[in-house]
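[1] sequence and computational prediction follow.
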Amino acid sequence: MKFINCLPLKSRQKRVTLAYLVLSRLKRKYRVDPSFILVFLIQAYRPPLWIVSYSYGVKEHKSPRPLPLMKQYKYGLRWILKSAFQRSENSLEDRLYAELVDLVERRSKVLKWRQALLKDIFYNRFNVLNRRRR
């Protein structure tokens, strides 16, 4: 349901049609239930933590924070759609389909974004205890 509501079309019927076209193409290619593929991809590429920036005087600190489960899924879906919209295919259906195929085959930008976030979390892991209480 969230997947359909995130698509950038005004009409709900057009969004539903687009989603079902993309999912049916995935079903033909991989011969697996496409909803399973979509849930697996969001689960695999969701960010477990997020970086929060705060400052003490002049110095700015970054601290990793755990995300609630719903926000993890929201950010994972947002990354997938953002990467799909940045592609250069002609139609929105082709962009979304190509992005999901690249995610299955581990060639997408989302993987790079997630690796960069995890690297940033690793470098700032000692700032967890140095946070300012609000």
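    Perfect, I can see it now.

[2] right, and the helix or strand after the lowest-mean-pLDDT helix or strand in the chain?
    The least trusted helix or strand in the chain, going by mean pLDDT, DSSP states H and E, turns out to be helix 2-5, with a mean of 71. Using DSSP states H and E, the helix or strand that directly follows helix 2-5 along the chain is helix 12-30.

[3] check which helices and strands that following helix sits against.
    Where contact means 3 or more C-beta pairs under 8 Å, 6 or more residues apart in numbering; DSSP states H and E, helix 12-30 is packed against helix 2-5, helix 34-45, helix 92-104. Using the backbone N, CA and C atoms, a C-beta is placed for each residue, glycine as well.

[4] enumerate every residue touching the closest residue to R12 other than its chain neighbours.
    Distance criterion C-beta to C-beta, 6 or more residues apart in numbering; nearest residue to R12, sequence neighbours excluded, is I4 at 7.8 Å. Counting by C-beta atoms under 8 Å, 6 or more residues apart in numbering, I4 makes contact with R12, R15, V16, A19.

[5] same question for S108.
    By C-beta under 8 Å, 6+ apart, the neighbours of S108 are I80, S83, E99, D102.

[6] for it, give me the pLDDT.
    As predicted, S108 sits at a pLDDT of 92.

[7] one more: W79?
    Per the predicted model, pLDDT is 92 at W79.

[8] which secondary structure element is home to it?
    Taking DSSP H and E as the definition, one finds W79 inside helix 69-85.

[9] which other helices and strands contact that helix?
    Other elements packing on helix 69-85 under the criterion 3+ C-beta pairs under 8 Å, 6+ apart are helix 2-5, helix 34-45, helix 92-104, helix 109-123.
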